[in-house]
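> Kindly generate the corresponding structure for this input.
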Amino acid sequence: MRARLRELLRERAARRRLQADGFAARVHAELAEDLPDEDLGEDLTDFLDRYEPGADPEADEELRERVREARDRIARGY
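Predicted coordinates:
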């Protein structure tokens, strides 16, 4: 009985991890589609750390804000 319960709990945890990974991939893909000229990489925090501003400060801030929002959505899970 206990072994079956442990197995069910492991399966549930694995499904949740897959759902979270799928959500993160969806959010990342949406962002990449919206910003096709940017090399986002896999880690959005790394992107924000290495991003070098261009000539238009307003556009740069908008881009950084969109990336931060996507990163936060992934962290929240919704």
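
> Show the average pLDDT along stretch 37-50.
The average of the pLDDT scores along stretch 37-50 is 92.

> Would you indicate which residues of that stretch are buried?
Buried residues in stretch 37-50, counting neighbours by 16 or more other CB atoms under 10 Å, are found at 40, 44, 47. Yep, even glycine has a C-beta here, placed from its N, CA and C like the rest.

> Model confidence for residue 18, exactly?
64.

> Return the subset of the buried residues of stretch 37-50 lying in helices.
Among the buried residues of stretch 37-50, the residues falling in helices (DSSP state H) are 44, 47.

> And the longest helix belonging to the chain, what does it pack against?
Longest helix in the chain by number of residues, with DSSP H as the criterion: helix 2-34. Counting contacts by 3 or more CB pairs under 8 Å, 6 or more residues apart in numbering; DSSP states H and E, helix 2-34 packs against helix 57-76.

> Name the residues of the longest helix of the chain that come out as buried.
24, 27-28, 31.

> Among the buried residues of stretch 37-50, which one sits closest to residue 9?
residue 44 (30.9 Å; CB to CB).
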